[in-house]
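Q: Okay, predicted coordinates and the sequence, questions at the end:
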Amino acid sequence: MNRFFAIVNPAAGGGRSAKLAGPALARLLEKGLKVDVIASTGPGDAVQLAREAYGQGYRRFLAVGGDGTAHEILNGVFAGRTAVQRVALGFLPLVPAIPSCAIAKDGAAASMQALLEGRTRTVDLFAPDARRRRNLFFNLLSVGFTADVAALTNRLFKPFGDLGYLLGVFVRVVQCAGDPLALRCDDDQEWDSGALFS
């Protein structure tokens, strides 16, 4: 199937994604890109939508939202399966995490151009639990301080949009007492339990 299966997260960017997705996808359709579109309804929904789409024969996916949308799509396609055909995952970053960043502002336009030109790049997937192939990721893994900030922001400050992340950073800096996290590389015998941030 030579069509993209686009999953739109209407909640991304404090709801801005819902307003921007329609016009952006319409421009791609006008330029000849074949796209089937569906909106997710809540956390975890894109996992199930991607799983079903892969089962229906889709091998090209488009994440219209943030990192979480792409993460859910990958896990819908790969998690729990022993064999998966090669897939393509495109991004349409309509609500960048850092709106004031010049690169972020051009992200959507650059992404649309790459989609229309059919440009791809091979990436590796990482599975912390490789035997069960679950919770796969490819572009970002946060542990310690940054993971705490993201969890706190999602739990308490999400309604504040971009300011919410800064509030999460401030609260965790004030609370932080040097949280330890035990790490060990495959060949090491001993665990390193030092603080990640102090």
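A: Noted; the coordinates are in hand. Residues are numbered from 1 along each chain as shown.
Q: contacts, neighbours, all on C-alpha from now
A: Fine.
Q: so who does the most centrally placed residue in the chain touch?
A: The chain has Asp67 as the residue nearest its centroid, 2.1 Å off, counting by C-alpha atoms, centre = their mean. Neighbour list for Asp67: empty [criterion: C-alpha atoms under 8 Å, 6 or more residues apart in numbering].
Q: Tell me how far it lies from Ser40.
A: Computed as C-alpha to C-alpha, to the nearest Å, the Asp67 to Ser40 distance reads 14 Å.
Q: before we move on, what about Ala63?
A: Noted for Ala63: a distance of 11 Å to Ser40, by C-alpha to C-alpha.
Q: Repeat that for Asn2.
A: Between Asn2 and Ser40 the computed distance is 22 Å (C-alpha to C-alpha).
Q: Give the lowest-confidence helix or strand of this structure, using mean pLDDT as the measure.
A: Comparing helices and strands within the chain by mean pLDDT, DSSP states H and E singles out helix 102-105 as the least confident, with a mean of 47.
Q: Which elements pack onto the helix or strand just after that one?
A: Towards the C-terminus, the helix or strand next in line after helix 102-105, according to DSSP states H and E, is helix 107-117. The contact analysis (3 or more C-alpha pairs under 8 Å, 6 or more residues apart in numbering; DSSP states H and E) places helix 107-117 against strand 88-91.
Q: centre of the chain versus the strand it packs on, how much separation?
A: Relative to the centre of its chain, strand 88-91 is centred 11 Å away, using C-alpha atoms, centre = their mean, to the nearest Å.
Q: got it, and stretch 34-47?
A: Counting by C-alpha atoms, centre = their mean, stretch 34-47 is centred 13 Å from the centre of its parent chain.
Q: Pull that stretch out as CSV, backbone CA atoms only.
A: Extracted in CSV, the C-alpha atoms of stretch 34-47 (Å, rounded to 0.1, in the frame of the first residue of the first chain):
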residue,chain,number,x,y,z
LYS,A,34,-1.7,10.0,-0.8
VAL,A,35,-2.7,10.2,2.9
ASP,A,36,-5.4,8.5,5.0
VAL,A,37,-6.1,10.5,8.1
ILE,A,38,-7.4,9.6,11.5
ALA,A,39,-7.3,11.5,14.9
SER,A,40,-6.4,9.9,18.2
THR,A,41,-8.8,10.3,21.0
GLY,A,42,-6.5,10.1,24.0
PRO,A,43,-3.2,8.7,25.4
GLY,A,44,-2.5,5.2,24.0
ASP,A,45,-5.0,5.5,21.2
ALA,A,46,-2.4,6.0,18.5
VAL,A,47,-0.8,2.6,19.6
